[in-house]
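# structural data only, the sequence is not supplied:
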């Protein structure tokens, strides 16, 4: 199949899977994600009609190369009747925020229900006949990365339609810290549905338990939830993704810098969309005192990049050391260098930040330290809530 990074010899791989289903070997202490623990969950799916929430990162490592979860399930004679795809689509090729229609996968003939098109929540008719839902998405642990909003709506739909949900858990590459303003109710949207910091330090399996037991679903319904936990993993364990989780997060550096640089998303500043350095650089035509230069042009994942065709001056962060907190200084510095300060913050900045206060604090000239001090009480309260749902050590 044409999934990104999946090797071509599908039939050989599927045959290998059928022969080795209950004996996939791993090196001692190697991370084993939920999807790779076929012995634990394939028996739960047999003789049932299955829906799967998946995209291009729903991969299983094998000695023969990575294989997509859907291929694996079909090889094991699991009856997958529908696939539900989040933002960026089933093959993770659509732009940020792009509307995606329902479709039929040409290879498998399985209906693909878009959860980033007409509906963001599975409808009752979409779930008709499904006896169990499987959720296998690679998250990056950031509130405005919309996969946790998709998780919320899938859980809600499953609860309302009395369908059990099985999460195949995966590591969160930003689980090593917690930081950022906590979402305020006024600014809840698909970019953030819960009162959590920007970086919350949990896997999707842990986060789903929190959604359920904190009664964050509509009408306080609860989803019948099970999690296949990751083996040999803590929140501090480094983890390299098999494939980019979305078009504009191409590597580990971009994923690490994403929570900080995405605060510039709702400003005129380019954060590398339209280049091959997405979320590893930032710049603007006004920043002429900076030496690094780049020019955005339409490309994969960015049909209409900011500052298209215009030379930008900025910072190259591709070799910046790994960070364990949100870097606000880049946002503060960008505001300081921009010529038209009245137009710097776009209308939806507060939906990314989760609060109006961050914009006001920067306009008033508060330092990074002063701003972060204002976040601390709510972060501390969140940490107490979070602690109740952890499956892995910090």
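Thanks, I have the structure now. All of these numbers come straight from a predicted model, not from anything done at the bench.
# so where does residue 98 fall, helix or strand?
For residue 98, there is no helix or strand it lies in under DSSP states H and E.
# do you know the pLDDT at it?
At residue 98, the model reports a pLDDT of 75.
# check residue 15 too.
42.
# and if you look at the one 5 residues further on?
For residue 20, the model assigns a pLDDT of 55.
# mind jotting down where the helices sit in the stretch 51-200 of the chain?
69-75, 124-127, 147-160 (DSSP state H, counting those that start in this stretch).
# how is this protein divided into domains?
10-22+31-228, 252-355 (automatic domain parsing).
# who wins for proximity to residue 376 among these?
domain 10-22+31-228 (10.2 Å; CB to CB). (C-beta placed from N, C-alpha, C; glycine too.)
# need the contact list for the residue positioned nearest the centre of the chain.
Centroid-nearest residue in the chain, with CA atoms, centre = their mean: residue 139, separated by 3.4 Å. Residue 139 makes contacts with 145, 147-148, 170, 172, 203-204, 245, as judged by CB atoms under 8 Å, 6 or more residues apart in numbering.
# as CSV, those with pLDDT, distance to residue 118 and neighbour count would be great.
Below are the contacts of residue 139 laid out as CSV (pLDDT from 0 to 100; distance: CB to CB, whole Å; neighbours: other CB atoms under 10 Å):
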residue, pLDDT, distance to residue 118, neighbour count
145, 96, 22, 22
147, 95, 19, 25
148, 97, 21, 24
170, 98, 28, 26
172, 98, 30, 27
203, 98, 30, 26
204, 98, 24, 26
245, 93, 24, 23
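# and of the residues you listed, the nearest to residue 348?
Looking across the contacts of residue 139 and measuring by CB to CB, the closest to residue 348 is residue 145, at 15.6 Å.
# and that closest one, its phi and psi?
The phi and psi torsions at residue 145 (degrees, to the nearest 10) take the values phi -80, psi 110.
# ok, it - contacts?
Applying CB under 8 Å, 6+ apart, the residues near residue 145 are 139, 246, 258.
# for the residue of the chain most remote from its centre, give me phi and psi.
For the chain, the residue at maximal distance from the C-alpha centroid (CA atoms, centre = their mean) is residue 289, at 34.5 Å. The phi/psi pair for residue 289 (degrees, to the nearest 10) reads phi -80, psi -10.
# when you give positions from now on, start the count at 148
In the new count, where the first residue is 148, that last one comes out as residue 436.
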